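1. coordinates only, sequence not included:
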């Protein structure tokens, strides 16, 4: 009941028909993040693409200037010297064939997966486990790489992967409500810019149709597309 009252009160502060500048939207979202935990600030973007077509896929990675505020658990598939590099860079889980077997058995206690190219023959067998969770390593987003140390540091430091879903929507957590307004706004703009630059060749008509931001428990606030240069 208390949550319902809080949401109703929060919604009254947001004009559902209006679009706001990034700064205005961030101010509203931050003010309405009143849960007892540090809420995640999320961005949702509606794109004019049909992901069923290969030339309309949208995916990529962006390093947010102010990080995400989230502790990302990173698993690395690597051997020997590369495995040691991953450990020194701060990887939470490192392994080769042993880790493949563990994941095949259902272990997925991690948020990001990185693999060296020589491990992909075995990691490829984990598609049914990692694929549905969006964890499959991919060279396009820098998670299949010989430079595992840098990939681990990027993942720990605020790199956010994005991929369009069936309905043409992309969403991601880009910070915490405890961040300063300026830091959240910078992260929002960086994320939007990265998605804009990832426009696929097959996209026709309006590419970015709608953008909104919200906190975990708060109402969405629409962003004026003209204000972010889309």
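-> On my side now, so go ahead. Everything numeric in this text was worked out from a predicted model, so none of it was measured.
2. how close does the nearest residue to residue 72 once chain neighbours are set aside sit to residue 198?
-> Among residues not flanking residue 72 along the chain, residue 111 sits closest, at 4.8 Å (CB to CB, 6 or more residues apart in numbering). (Each C-beta comes from the backbone N, C-alpha and C, glycine too.) As judged by CB to CB, to the nearest Å, residue 111 and residue 198 stand 21 Å apart.
3. Counting by contacts, list what the helix or strand where residue 25 lies packs against.
-> Using DSSP states H and E, residue 25 sits within helix 22-32. Contacts defined by 3 or more CB pairs under 8 Å, 6 or more residues apart in numbering; DSSP states H and E place helix 22-32 against strand 40-47, helix 181-197, strand 208-215, strand 221-222.
4. so how far is it from its chain's centroid?
-> Centre-to-centre, helix 22-32 and its host chain are 20 Å apart (CA atoms, centre = their mean, to the nearest Å).
5. Now do the buried residues in that helix.
-> The neighbour-count criterion (16 or more other CB atoms under 10 Å) identifies 22, 24-30, 32 as the buried residues of helix 22-32.
6. what does stretch 165-177 give?
-> Neighbour-count burial for stretch 165-177 [16+ other CB under 10 Å]: 168, 170, 172-177.
7. Serialize those residues to a markdown table and add fields for pLDDT and secondary structure.
-> Below are those laid out as a markdown table (pLDDT from 0 to 100; DSSP: H, G, I helix; E, B strand; the rest coil):
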| residue | pLDDT | secondary structure |
| --- | --- | --- |
| 168 | 95 | coil |
| 170 | 96 | strand |
| 172 | 93 | strand |
| 173 | 93 | strand |
| 174 | 94 | strand |
| 175 | 94 | strand |
| 176 | 95 | strand |
| 177 | 96 | coil |
